[in-house]
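>>> My questions concern the predicted model and sequence given below.
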Amino acid sequence: MKNLRIAALALLVAPTLALAQTPDPTADQRRSAEANEPTGIGAPAARDAQALTRARDGWWTQAQQTRDQRLQWFRDARFGVFVHWGPYSVLGGQWEGRPNPGYSEHIMRVARIPRETYKSQVAAKFRPDAYDARAWVKLMKQAGAGYVILTAKHHDGFALWPSDASDYNIAKVSGFQRDPLAELVAAARAEGLKVGFYYSHAFDWEDPDAPGNDWDYANPGGDKKLNGVDWWNNDPKFLVNTQRYVDHKVIPQLTELIGRYHPDILWFDTPGKLPFFQQAQVVEAVRRLDPNVVINGRAARTAEANLGDFLDTADRPAELRPTPGDWEAIPTTNESYGYNALDHSHKSVAHFVQLIAKAAAKGGNILLNIGPKGDGTIDAPDAAILEGVGRWMAVNGDSIHGSTRTPLDRQAWGDSTVKGDQLYLHVFDWPKGGTLRLGGLLSPPKSAYLMADKTPVTFRRVGASDYEFSLPKQAPDAADSVIVVKTDGPVRGEAGRLIETRWGGNQLLAFDAQARGAGFTYGDGKTARFYVDGLERAGNSLAWPVRATQAAPVKASLRYSTPGPVGPNARFVLRYGATTLSAPITATASPTDLRRLDLGVLPLGAGGLADLTLSIEGGDAPVHVFDLQLER
């Protein structure tokens, strides 16, 4: 352990020396700022720019050379399990008889529990004697997960392992003499799963030098908004504190985690609580300790750069926005990440099965969160969800693992994934008439069959890139039935949405539209927040290229909400060829009050692609646009 601590100190010194030797184009600005700062830490803006230049000119660019190699297992897995577990799990979402609103793992902050009280009445009682890492991993493997990530240290600052860098850990505070991390790593490796840790590097409510605790220490970065979101611009003196926190807790603990357990992935969070140059210092330290460990996208980022290996969505996504490159979404079984005994809002197995397929179709991963109890057992609803996902994965897992982004648009009935010359059709809505239409496939199909039982499926061509498949009346799986289509050569597709005009509806998400114009903003994908804003700007529009195999009238409706009042003349305008539909916009009760507005009937034509274009006229107030629905 002495060697690890020496290594950590070496990492602290090296970045400082290199930064001092790096030419700084804003040196005059930095020196001027330092003259007014007794701390002498340097202007954050200058240090941020210097850190970004250092990364791009050196260690980060070097790390990019092996990025594909270290990410390969992550891409192949497509599905993992997130575990939020710690002292907060003992409370189960309640403090002194009162329920805690929001995430249960944030109870220390929300209930403003003093550090010493949390230590003696919560952390000291965290003795998970029923914890069985092998049982956990067995359940996760049966669920089809390729990796597991456990919260080694969450925002409460508590280390889930016997840390030498901080006494605030499970051995010294809880008196628990087992090592949960070592047990999980051993169990995961025995079952062939990759394993990693969540580490809260920028938010720590225990450490007096860290951002976030504004009830014990009046530190910036908490709910009181002391000195604002970018607190370092108004409170530069506290940068000395956060530097001490990074140097003496964060990097030494990460040195322990990497040196003892050799994780495959490290998962960071809330980077905006620290200035970018300190975020970057943490990532550089990790890269020096282990060049092969995967790092998520919440470690160090600015508006122009992300020093992680992949991007992250917001928490609890319900819909997924198309995202370039590698990315991961982190839904949770209910509305909390840590265990909450009062939260019974668990989603269905079908919800998660479809979310996994939707993510894989867009080239992303799903990291599904569970929150075990304080005694170490997995809550029954969480276990049931994993078991249900596992039953589906046991039959259809090959359509997810190792799959790549589909070149086809979403379909009326679901989505698709790809692996070489195999196209997997994920049918969420089984066709009522016994035939399913697939649009946009340029590679000729050679054969097709149901993945569930290998029953052959016949098909015929009905357009230049459209095919019709004859299916049995009964769906093999109510959540997602998979049809395997083998093609002549690699799967190729073309853009454009094929509209189903015979049965059911066609949901065209605003997330999937072409945003034409400037100044668009996007919701984070949560329930009632998968919207696009910006149509109120002059000249802006959302466009969906669509086509149909046969002409038919379809009813068009729009789902929207308003964050505030709208003008009396504001109208939605939908154009398709020579047809224009229009309807007035009325304010909704709240931004989460989604309203379905009928626009009228569109005479959909057969043939090539034509744009469905949505705009707003007569108003300049923001409007959240969620989706356009077309149905017979």
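Happy to help now that I have it.
>>> show me where the stretch 201-350 of the chain has strands.
Listed in chain order, the strands of the stretch 201-350 of the chain (DSSP state E, counting those that start in this stretch) span 265-267, 294-295, 311-315, 327-330.
>>> Quickly compare the ones you listed and say which is most buried.
Highest mean neighbour count of the strands of the stretch 201-350 of the chain: strand 265-267, a mean of 26 (counted as mean count of other CB atoms under 10 Å). C-beta here means a position set from N, CA and C on the backbone, and glycine is covered the same way.
>>> I'd like the distance from that strand to the chain centre, please.
14 Å (CA atoms, centre = their mean, to the nearest Å).
>>> export the strands of the stretch 201-350 of the chain to JSON lines and tack on distance to residue 90 and mean pLDDT?
Compiled in JSON lines, the strands of the stretch 201-350 of the chain are given as follows (distance: least, CB to CB, whole Å; pLDDT from 0 to 100):
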{"stretch": "strand 265-267", "distance to residue 90": "23", "mean pLDDT": "99"}
{"stretch": "strand 294-295", "distance to residue 90": "30", "mean pLDDT": "99"}
{"stretch": "strand 311-315", "distance to residue 90": "22", "mean pLDDT": "95"}
{"stretch": "strand 327-330", "distance to residue 90": "23", "mean pLDDT": "98"}
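>>> and residue 474, which of those strands is closest to it?
strand 327-330 (31.1 Å; CB to CB).
>>> Give me the contact list for the closest one.
By CB atoms under 8 Å, 6 or more residues apart in numbering, the list of residues contacting strand 327-330 from outside reads 82, 296-297, 310-313, 315-317, 320, 355, 359, 362-369, 525.
>>> Got the phi and psi for residue 622?
phi -60, psi 140 (degrees, to the nearest 10).
>>> For it, list the residues it contacts.
Contacts of residue 622 (CB under 8 Å, 6+ apart): 533, 534, 536, 562, 563, 564.
>>> ok, and the closest non-adjacent residue to the second one?
Which is residue 534. residue 520 (3.7 Å; CB to CB, 6 or more residues apart in numbering).
>>> ok, residue 439 - how many residues close by?
25 (other CB atoms under 10 Å).
>>> so what's it bridging to?
Taking DSSP bridges as the rule, residue 439 bridges to residue 466.
>>> show me what contacts it?
408, 409, 411, 463, 465, 466, 496, 497, 498, 547.
>>> tell me the pLDDT at residue 255?
Note on residue 255: pLDDT of 99.
>>> try residue 15
At residue 15, pLDDT is 33.
>>> Then the one 3 residues further on?
Per-residue pLDDT puts residue 18 at 30.
>>> Surely residue 188 is in a helix?
Yes. Membership of residue 188 in a helix is supported by DSSP: H, G, I helix; E, B strand; the rest coil.
>>> and it, how many neighbours?
Quick note: residue 188 (other CB under 10 Å) scores 25 neighbours.
>>> mind checking the SS state of the residue nearest to residue 489 when sequence neighbours are not counted?
Nearest in space to residue 489, with sequence neighbours left out and distances taken as CB to CB, 6+ apart, is residue 443 at 5.6 Å. Of the three states, residue 443 takes coil under three-state DSSP.
>>> Correct me if wrong: residue 443 contacts residue 486.
No. The criterion here is CB atoms under 8 Å, and residue 443 misses it with residue 486 at 9.6 Å.
>>> Any chance you could list residues touching both of the two?
Contact with both residue 443 and residue 486 is made by residues 421, 423, according to CB under 8 Å, 6+ apart.
>>> So for these two, which sits in the more crowded spot?
Taking neighbours as other CB under 10 Å, residue 443 and residue 486 compare with residue 443 leading, 18 against 15.
>>> after the worst-scoring helix or strand of the chain on mean pLDDT comes which helix or strand?
None of the helices or strands of the chain scores lower by mean pLDDT, DSSP states H and E than helix 27-35, at a mean of 27. Counting by DSSP states H and E, the next helix or strand C-terminal to helix 27-35 is helix 44-57.
>>> if we can go back for a sec, please flag which of the contacts of residue 622 sit within strands.
Counted as lying in strands by DSSP state E, out of the contacts of residue 622, are residue 533.
>>> Next, give me the two most distant ones among the contacts of residue 622.
Most distant of the contacts of residue 622, by CB to CB, are 534 and 564, 15.0 Å apart.
>>> Sounds good, over and out.
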